[in-house]
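Sharing a sequence plus its predicted fold:
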Amino acid sequence: MEGNLGCFGNFIQWSKPYIAMISLQFGYARMNIITKVSLNRGMSHYVLVVYRHTFATAVIAPFALILERKVRPKITFPIFMQIFVLGLLGPVIDQNFYNSGLKFISSTFPVP
């Protein structure tokens with residue numbers, strides 16, 4: 001099947017990872033602009049983190065429920081506590097530091 005794609009099809013197959021990474025970078029830039037505008041208009045960075053996590057949960061949860069319905073292990077208390085601590089330390093604290101830094105810095109700050 002690889003040989004039947006033609007020159008353009010081979011180029012598309014070859015460039016998929018690059019297209020995905022460029023799209024991801026545009027998504028990060030869009031989120032950074034939306035965050036900066038929201039913070040400049042007076043939104044609390046704590047509220048912004050809650051909104052961001054709520055939106056991400058609403059988008060990702062249906063996929064997890066449908067695609068991994070039969071492969072989920074039982075959630076015991078130790079597993080729940082590990083998930084809770086990792087979820088708290090990873091994205092929540094990281095995003096709060098990021099957003100507070102973005103709130104208190106000028107957009108013309110030089111990045112080395």
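Cool, got the structure.

switch to C-alpha atoms for all contacts and neighbour counts from now on
Will do.

what number of residues lie near K103?
Using other Cα atoms under 10 Å, K103 is surrounded by 20 other residues.

so it touches L39, yeah?
Yes - using Cα atoms under 8 Å, K103 is in contact with L39, at 5.8 Å.

Quickly list what's touching both of those two.
H45 (Cα atoms under 8 Å, 6 or more residues apart in numbering).

contacting residues for the residue nearest the centre of the chain?
By Cα atoms, centre = their mean, the chain has its centre lying nearest to A56, at 7.6 Å. Residues in contact with A56 (Cα under 8 Å, 6+ apart): none are found.

so where do the helices sit in the chain?
Taking DSSP state H as the criterion, the chain carries its helices at 6-40, 45-67, 77-87, 93-103.

Leaving out sequence neighbours, find the closest residue to H45.
Spatial nearest neighbour of H45, chain neighbours left out: N99 (5.7 Å); criterion: Cα to Cα, 6 or more residues apart in numbering.

For the helix or strand of the chain with the lowest mean pLDDT, name the packing helices and strands.
Taking mean pLDDT, DSSP states H and E as the measure, the chain has helix 93-103 as its least confident helix or strand, at a mean of 82. Contact here means 3 or more Cα pairs under 8 Å, 6 or more residues apart in numbering; DSSP states H and E; on that basis helix 93-103 packs against helix 6-40, helix 45-67.
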